[in-house]
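# Need a 3D model of the following:
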Amino acid sequence: KTSKRISCRTRYKIEKKVREHNRKVKREKRKNPGKNKKKKLIQVPNICPFKEDILKEVEALRKQKEEAKQKQKEVWREEKKKAKEGKPKGAEKGLESLIEDAEKRHILHENISASDASSSVKAYYREFKKVLEAADVVLEVVDARDPLGTRCKQVEQAILDSSGNKRLVLVLNKADLVPRDNLEAWLKYLRKSLPAVPFKASTQLQSRRLGRRKLKKASASDKKITDELSIENKELQGSKCFGAELVMSLLANYCRNKGIKTSISVGVVGLPNVGKSSIINSLKRSRACNVGATPGVTKNMQAVQLDSKIKLLDSPGIVFASSLGGEHSDAAVALKNAVRTDSLADPVIPATAILQRANKQQMMDMYNISDFSTPQEFFSLLAHRKGQFKKGGVPNAIAAARSLIEDWNRGKIRYYTIPPEDEHDPHVSSEIVQQMAEEFDISSYEVMETDTLNAGLTQDLVAKGMVIQSTGPVE
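Have a look, this model is predicted:
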C-alpha cells in the first residue's frame with residue numbers, strides 16, 4: 001500500500017493554492033452575484049392534467065440523448081482503434097505515402113481555387129450585365145497611362161450591340177500621371193472611334209464636400225486663349241477632382257439633344273482598379289462608394305443618385321475568363337492591376353515583364369541598386385536593398401518580385417504609353433462615331449478642354465516617367 005505521507009513543503013504549497021483558489025472564487029461571487037447561482041429545477045406542478053405524459057416525454061428525451069452520446073463515443077473508439085492498427089502500415093510506406101497525400105491535397109486545392117476564380121468572374125459578369133441593361137449611357141473608365149491596355153473590346157462590343165441604342169463614352173482617369181501632350185495625343189486618337197474625356201478623381205480623405213476644379217465653359221467660336229482663362233501651372237496636380245464639369249456638361253448635352261425630359265441612368269464600367277468608384281465619388285462629391293488600392297473592392301452593382309436627372313450605376317471590375325489563362329495572359333492581367341498581388345501563383349513572370357518594359361537606368365536610380373544583367377540578378381539586389389531574406393540569408397526573389405509589382409500598381413514607377421500610328425478602329429463604324437459626336441456635342445468643349453490642359457506639368461512628368469510599350473487591349 002502506497003503511503004500518503006508527503007513532505008511539509010508540498011503540503012504547505014497545496015494549502016496555499018487552495019486558499020488562493022477559494023479567495024478567487026469568493027471575489028468572483030462578489031463581483032457577479034447572479035453568475036454562479038444554480039439553475040432552479042423546473043418541476044411540473046401536480047395541478048397539471050398531463051403531468052405523467054410530460055414526465056414520460058422528458059425521460060424519453062433524456063434516454064435518447066444518452067444513447068446518442070454513447071453511440072458517438074463508440075464511433076470515436078472505433079476510429080481510434082483503426083488509427084492505431086493502421087500505424088505500422090503507414091510507417092512502412094514512409095515518404096511515398098506522404099508525397100502521395102501531399103499531391104492529392106495540392107490537386108484538391110488547385111481545383112477549389114480554379115472553381116472559386118471562375119465563379120467570381122461569372123458573378124462579376126452578371127453584375128456587369130445588370131448595369132448594361134439598366135444604363136442609357138455607359139462610361140468606360142480607362143487608365144490614362146495605358147488607355148489601350150485598359151480598354152475591353154468585348155465590353156464595348158456588348159454595349160454597342162445591346163438593345164436600347166445605348167451610348168458609350170471613354171473616360172481617361174488618372175490624367176495627372178501623364179504629360180499634357182501625351183494626354184492630348186491619346187484624346188485625339190480615341191475620339192476617332194468614341195467620345196473621350198480626361199478626368200482626375202479626387203484623392204481627398206474627407207467623407208463629404210470633396211474638392212472640384214470648377215471651370216468656365218468657353219464658346220466654340222472663341223479660339224483665342226486669354227490670360228484670364230488659362231489655368232495655373234499646377235492645375236492637374238493636387239488632391240482635388242478635375243474633369244467633372246466636362247463630364248456633367250456632356251451628359252447634359254446628351255439629354256438636351258435627345259430631348260430627354262425625365263432622367264437617365266449612367267453606368268460606369270471598366271477593368272478592376274481603374275478608378276470607377278473614385279469617379280462616382282468625385283461626381284457626387286462625397287464617399288458614396290467604397291474605394292481601395294487593391295482590385296475587387298466593389299462586389300455588386302450600386303446605384304448613386306447624382307441629381308434629379310442623373311443616376312450613376314457602379315459596377316465591379318470585370319476580367320473575362322479568356323484573359324486568365326497562360327503565362328503571358330497572367331503577366332498582362334497583373335500589370336493592369338486586375339488581380340490581387342498576393343493571389344499570383346508566380347509573381348516572377350509579371351515582374352520580369354515590368355523589367356522588360358521599363359528603362360534600366362531609371363530602375364537603378366529609383367531603387368538605388370548597382371548594374372544588373374538579368375531579372376534574377378535585379379530581384380536579388382532588390383531583396384538585399386529591402387531586407388527580404390529567406391532562411392540562411394538567401395535573398396527572397398519571390399518577395400522582391402511581388403514588391404516590384406506592388407510598386408508598379410501603386411504608381412511609384414511612373415510610366416506612360418504612346419498612341420499607335422494606325423488610327424483605324426474596326427469594331428466601331430464611322431456612322432456611330434459621327435452620331436455620338438453630334439449627340440454629345442464634344443466640339444463645343446474643345447476650347448474649354450484646351451484651356452484646362454494648358455498646365456505646365458510636362459517637364460516634371462517627362463523627367464520622372466518612362467515610355468513603355470502598351471500591354472494591349474483585353475480581348
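# How much space separates residue 392 from residue 145?
Using CB to CB, to the nearest Å, we find residue 392 at a distance of 40 Å from residue 145. For the C-beta atoms, the positions are set from N, CA and C on the backbone; glycine is no exception.
# Comparing those two, which residue is more hemmed in?
residue 145 (24 against 5; other CB atoms under 10 Å).
# Specify the local secondary structure of the more buried one.
coil (DSSP: H, G, I helix; E, B strand; the rest coil).
# roughly how far apart are it and residue 247?
Distance from residue 145 to residue 247, by CB to CB: 20 Å.
# ditto for residue 310
10 Å.
# Run through the residues that contact residue 383.
Going by CB atoms under 8 Å, 6 or more residues apart in numbering, residue 383 touches 389, 395-397, 399-400.
# tell me the SS of it?
helix.
# That one and residue 367, how far apart?
For residue 383, the distance to residue 367 - CB to CB - is 11 Å.
# what's the answer for residue 201, then?
Distance from residue 201 to residue 367, by CB to CB: 28 Å.
# ok, and the closest non-adjacent residue to residue 396?
Counting by CB to CB, 6 or more residues apart in numbering, residue 396 lies nearest to residue 388, which is 4.3 Å off, once chain neighbours are set aside.
# Same check on residue 141?
With sequence-adjacent residues excluded and distances taken as CB to CB, 6+ apart, residue 141 is closest to residue 270, at 3.8 Å.
# Domain parsing of this structure, as residue ranges.
If you go by automatic domain parsing, the domain ranges for the chain are 121-322+429-465, 323-410.
# right, and those - which one's nearest residue 53?
Closest of these to residue 53 is domain 121-322+429-465, at 52.9 Å (criterion: CB to CB).
# ranges for the strands of the protein?
For the chain, the strands defined by DSSP state E cover 137-143, 167-173, 196-198, 264-270, 302-305, 310-314, 415-417, 466-468.
# For residue 128, which of the ones you listed is the nearest?
Comparing those by CB to CB, strand 264-270 comes nearest, at 6.3 Å.
# orientation of that closest one relative to strand 167-173 in degrees?
Relative orientation of strand 264-270 versus strand 167-173 (axes from the mean of the first three to the mean of the last three CA atoms, to 10 degrees): 50 degrees.
# Now do strand 264-270: distance to the chain's middle.
Between the centre of strand 264-270 and the centre of its chain there are 19 Å (CA atoms, centre = their mean, to the nearest Å).
# Show me the contact partners of it.
128, 131-132, 134-142, 150, 152, 155, 251, 254-255, 276, 279-280, 306, 309-315, 317-318.
# Adjacent strands (with direction) for that strand?
Applying DSSP bridges, strand 264-270 is found paired with strand 137-143 (parallel), strand 310-314 (parallel).
# Quickly, which of the ones you listed bottoms out on average pLDDT?
Lowest mean pLDDT of those: strand 310-314, a mean of 85.
# tell me how far it is from the chain's mean position?
Centre-to-centre, strand 310-314 and its host chain are 20 Å apart (CA atoms, centre = their mean).
# Also stretch 32-45?
Taking mean C-alpha positions (CA atoms, centre = their mean), stretch 32-45 and its chain are 53 Å apart.
# do the same with stretch 51-59
The chain centroid and the centroid of stretch 51-59 are separated by 59 Å under CA atoms, centre = their mean.
# can you point me to the longest helix in this structure?
Ranked by residue count and defined by DSSP state H, the top helix of the chain is helix 51-93.
# other SSEs contacting that helix?
Here helix 51-93 touches no other helix or strand, going by 3 or more CB pairs under 8 Å, 6 or more residues apart in numbering; DSSP states H and E.
# for it, what is the average pLDDT?
pLDDT averaged over helix 51-93 gives 82.
# So what's the gap between it and the chain middle?
That offset, for helix 51-93, works out to 48 Å (CA atoms, centre = their mean).
# Stretch 45-64 now?
Put simply, stretch 45-64 sits 59 Å off its chain's centre (CA atoms, centre = their mean).
# What is the burial count for residue 200?
When neighbours are counted by other CB under 10 Å, residue 200 registers 27.
# now it: how far from residue 403?
27 Å.
# thinking again about what came up before, could you dump the strands of the chain to TSV with distance to residue 284 and mean neighbour count?
Supplementary listing: the strands of the chain in TSV, determined by distance: least, CB to CB, whole Å; neighbours: other CB atoms under 10 Å:
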stretch	distance to residue 284	mean neighbour count
strand 137-143	14	25
strand 167-173	15	23
strand 196-198	17	23
strand 264-270	11	23
strand 302-305	6	16
strand 310-314	7	21
strand 415-417	29	21
strand 466-468	34	17
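# Quick check: chain neighbours aside, which residue is closest to residue 130?
Among residues not flanking residue 130 along the chain, residue 301 sits closest, at 5.0 Å (CB to CB, 6+ apart).
# Let me see the contact set for that neighbour.
Listed by CB under 8 Å, 6+ apart, the contact partners of residue 301 are 127, 130-131, 134, 313-316.
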